[in-house]
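In: Provided below are the primary sequence and the corresponding predicted coordinates.
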Amino acid sequence: MASPARRSWPLLALTAVVILAAGLLPAVPQPLDYHDFADQRAFLGIANFGDVASNGAFLLVGIAGLLIVGLRRAHFERRAECVPYLVFFLGVALTAAGSAWYHLAPDNERLVWDRLPMTIAFMSLIAAQFAERFDGRLGLLLLAPLLAVGMGSVVYWIATERGGAGNVVPYVALQAYAVGALLVLAARHPSRYSRGNDLYWIFVAYLAAKVLEFFDREVLAFGHLVSGHALKHVAAAIAGVVVCRMLWLRRLEPR
């Protein structure tokens with residue numbers, strides 16, 4: 001069996017590539033047409049009702065996850081390992097508020113409050129995987145730096161937008177890194193717990209969310225019931241459901 005150091009080279013390579021991309025690629029401002037969503041219908045006096053209301057899925061998943069972890073329905077070898085998951089589900093719940101606020105009147109300033117909690121969720125999940133696949137103390141030590149880098153990418157983006165030279169590249173690179181890191185961890189570093197490969201289903205839900213986001217208008221045109229972006233919220237929330245299920249069912253694997 002390969003040593004942990006040898007198994008870690010893809011993760012180290014991914015980290016280096018993302019850092020170089022974030023620092024060397026030309027600056028790209030946030031396209032303003034990003035805020036032009038397909039479903040702008042109001043209902044019950046709420047503008048963009050579909051995109052706003054669909055964020056309720058994040059709130060439900062966030063609360064469910066906090067209860068599963070907080071009420072000790074999830075197994076942890078050491079109780080401190082639950083901290084990244086508590087932060088993860090808090091980030092998911094806060095995404096409901098931030099994304100709903102953004103979709104009421106989409107613009108760059110409100111988009112900040114959509115992206116900040118999402119980075120909290122992404123980066124805390126990575127910390128949780130480091131705790132389970134390397135060492136519990138390492139995951140806890142990395143949690144704060146990972147959160148700082150994630151939130152810093154959003155702060156940097158909006159600061160550059162306000163300065164007239166917007167650069168969304170570091171934020172996009174970090175989101176890509178989060179997804180890539182989870183896949184590499186799943187493939188190269190077995191978890192101490194069962195159901196470690198459920199990470200792949202998180203990726204499937206994330207990919208479905210991106211496809212639905214891309215085909216926002218086409219989905220709405222099919223029946224004029226719901227937009228692709230509203231369904232994107234549901235698909236992304238399902239990734240949180242996968243985490244809930246994983247924690248509920250898993251057990252510590254024999255060493």
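Out: Done, it's in.
In: distance from the chain centre to the helix or strand containing Leu94, please.
Out: Using DSSP states H and E, Leu94 sits in helix 83-104. Here the centre of mass of C-alpha atoms in helix 83-104, compared against the chain's by Cα atoms, centre = their mean, to the nearest Å, lies 10 Å away.
In: and if you look at stretch 27-46?
Out: Going by Cα atoms, centre = their mean, where stretch 27-46 is centred and where its chain is centred differ by 20 Å.
In: now that stretch: average pLDDT?
Out: Here stretch 27-46 scores 95 as its mean pLDDT.
In: what are the contacting residues of that stretch?
Out: 47-53, 103-104, 106-108, 111, 157, 160-161, 165-169, 216-217, 219-220, 226-230 (Cβ atoms under 8 Å, 6 or more residues apart in numbering). For the C-beta atoms, the positions are set from N, CA and C on the backbone; glycine is no exception.
In: quick one: the helices in the stretch 1-150 of the chain, in order.
Out: 4-7, 9-24, 49-53, 56-70, 83-104, 108-133, 136-162 (DSSP state H, counting those that start in this stretch).
In: pLDDT wise, what is Met1 at?
Out: For Met1, pLDDT reads 50.
In: enumerate every residue touching the nearest residue in space to His103 that is not next to it in sequence.
Out: In this structure, His103 finds its nearest non-sequential neighbour in Asp51, 4.1 Å apart by Cβ to Cβ, 6 or more residues apart in numbering. With contact taken as Cβ under 8 Å, 6+ apart, Asp51 is in contact with 37, 39, 103, 227, 229-230, 233.
In: could those go into TSV alongside neighbour count and distance to Ala74?
Out: Formatted as TSV, these follow (neighbours: other Cβ atoms under 10 Å; distance: Cβ to Cβ, whole Å):
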residue	neighbour count	distance to Ala74
Phe37	20	36
Asp39	22	36
His103	28	31
Ser227	27	34
His229	24	31
Ala230	26	30
His233	27	25
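In: name the nearest of the residues you listed relative to Val92.
Out: His233 (11.3 Å; Cβ to Cβ).
In: tell me the SS of the closest one?
Out: Secondary structure, DSSP: H, G, I helix; E, B strand; the rest coil: His233 is helix.
In: doesn't Phe58 make contact with it?
Out: Yes. The pair His233 and Phe58 passes the contact test of Cβ atoms under 8 Å, sitting 6.8 Å apart.
In: what's stretch 92-110 in contact with?
Out: By Cβ under 8 Å, 6+ apart, stretch 92-110 touches 30, 35-37, 46-48, 51-53, 55-59, 61-63, 65-66, 111, 113-118, 120-121, 158, 161, 166, 233, 237, 240.
In: can you mark which positions in it are buried?
Out: Going by neighbour count (16 or more other Cβ atoms under 10 Å), the buried part of stretch 92-110 is 92-103, 106, 108, 110.
In: ok, stretch 147-157 next?
Out: For stretch 147-157, by 16+ other Cβ under 10 Å, it's 147, 150-151, 153-154, 156-157.
In: these into TSV, with extra columns for pLDDT and distance to Leu24?
Out: Formatted as TSV, the buried residues of stretch 147-157 follow (pLDDT from 0 to 100; distance: Cβ to Cβ, whole Å):
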residue	pLDDT	distance to Leu24
Leu147	96	25
Gly150	94	20
Met151	96	22
Ser153	95	15
Val154	97	20
Tyr156	96	15
Trp157	96	17
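In: can you redo the residues you listed as JSON lines with distance to Ala22?
Out: Converted to JSON lines, these look like this (distance: Cβ to Cβ, whole Å):
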{"residue": "Leu147", "distance to Ala22": "17"}
{"residue": "Gly150", "distance to Ala22": "12"}
{"residue": "Met151", "distance to Ala22": "15"}
{"residue": "Ser153", "distance to Ala22": "8"}
{"residue": "Val154", "distance to Ala22": "13"}
{"residue": "Tyr156", "distance to Ala22": "9"}
{"residue": "Trp157", "distance to Ala22": "11"}
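In: nearest to Asp198, out of the helices of the stretch 1-150 of the chain?
Out: Of all these, helix 108-133 comes closest under Cβ to Cβ, at 11.2 Å.
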